[in-house]
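# When you get a sec, could you give me coordinates for this:
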Amino acid sequence: MKLYIKYMVSTRCKMMVKEALKGLGLHFIVVDLGVVDVMETLSTEQREHLKIALLEAGLELMDDKRAMLIEKIKNVIIEMVHHADELPKTNFSDFISEKLNHDYTYLANLFSEVQGTTIEQFIISHKTERIKELIIYGEMNITEIANQMNYSSVAHLSSQFKKVTGLSPSHFKQLKDKRRSPIEDIGN
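Numbering: from 1, shown residues only. Have a look, this model is predicted:
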């Protein structure tokens with residue numbers, strides 16, 4: 001049985017979900033970002049207990065199909081930007097559409113309607129946060145970061161970064177104390 005969980009965006013979230021499932025005596029096949037495949041069919045009582053356990057961990061069990069699709073879109077973007085070794089070389093729209101097996105226009109319209117922002121803005125917000133992370137780590141220079149994040153040039157990365165943060169990447173690097181945002185707070 002597949003379950004969809006909102007705000008599940010990190011390895012730590014996966015660990016919390018696994019613990020909640022084990023605590024209820026449920027067996028999982030897969031625990032991935034936003035989706036869990038359990039062996040059992042949950043009773044109403046088990047579902048309620050799981051819902052409560054997840055809420056205590058800051059997560060939410062979802063029932064609404066549109067909300068589940070929005071969460072899948074977010075998880076594809078988060079996985080793509082924050083957890084992939086490199087970004088796909090194809091258009092993000094093609095990548096997301098292929099990954100979720102839906103027409104991109106439908107996904108984009110649904111996302112905008114429900115989230116109040118575009119998929120593109122959501123991606124840019126996450127890319128900016130990832131760039132902040134890479135700058136803070138100091139393991140790559142801006143040119144290397146631009147290449148890894150699939151920007152056509154350092155100027156393009158710098159321009160987009162400045163639009164979002166109000167700072168150039170080099171100025172941001174000087175302000176080491178500027179706080180990064182948790183993944184789950186971006187675009188919400």
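
# CA atoms for contacts and neighbours, from now on please.
Will do.

# Stretch 58-72: which residues count as buried?
Buried residues in stretch 58-72, counted by 16 or more other Cα atoms under 10 Å: Leu59, Glu60, Leu61, Met62, Ala67, Met68, Leu69, Ile70, Glu71, Lys72.

# right, I mislabeled it, should have said stretch 27-40
Phe28, Val31, Asp32, Leu33, Gly34, Val35, Val36, Val38.

# can you name the two of the buried residues of stretch 58-72 that are farthest apart?
Leu59 and Leu69 (16.3 Å; Cα to Cα).

# one step back: taking the buried residues of stretch 27-40 one by one, which sit in strands?
Mapping the buried residues of stretch 27-40 onto strands (DSSP state E) picks out Phe28, Val31, Asp32, Val35, Val36, Val38.

# my guess is the fourth one contacts Lys2, does it?
Think Val35. Yes: counting by Cα atoms under 8 Å, Lys2 is a contact partner of Val35 at 6.8 Å.

# Remind me which helix or strand the spatially most central residue of the chain belongs to.
With distances taken as Cα atoms, centre = their mean, Ile78 lies nearest the centre of the chain, 2.7 Å away. Using DSSP states H and E, Ile78 sits within helix 65-78.

# what packs against that helix?
Secondary-structure packing of helix 65-78 (3 or more Cα pairs under 8 Å, 6 or more residues apart in numbering; DSSP states H and E): strand 2-6, helix 92-100, helix 104-115, helix 119-137.

# What's the local residue count around Gln160?
The tally of other residues near Gln160 (other Cα atoms under 10 Å) stands at 20.

# again with Tyr106
Neighbour number of Tyr106 under other Cα under 10 Å is 10.

# residues in contact with it?
By Cα atoms under 8 Å, 6 or more residues apart in numbering, Tyr106 lies in contact with nothing.

# try the one 5 residues further on
Listed by Cα under 8 Å, 6+ apart, the contact partners of Phe111 are Ile70, Thr117, Thr118, Ile119.

# Reformat the residues you listed as a markdown table; add pLDDT.
Formatted as a markdown table, the contacts of Phe111 follow (pLDDT from 0 to 100):
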| residue | pLDDT |
| --- | --- |
| Ile70 | 91 |
| Thr117 | 93 |
| Thr118 | 95 |
| Ile119 | 95 |
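
# Filter those down to the buried ones.
Buried members of the contacts of Phe111, scored by 16+ other Cα under 10 Å, are Ile70, Thr118, Ile119.

# Which member of the residues you listed is positioned nearest Ser112?
Thr118 (5.0 Å).

# Now do the same contact list for that closest one.
Thr118 neighbours (Cα under 8 Å, 6+ apart): Ala108, Phe111, Ser112.

# again, but for Ile29
Applying Cα under 8 Å, 6+ apart, we find Ile29 in contact with Val36, Asp37, Val38, Met39.
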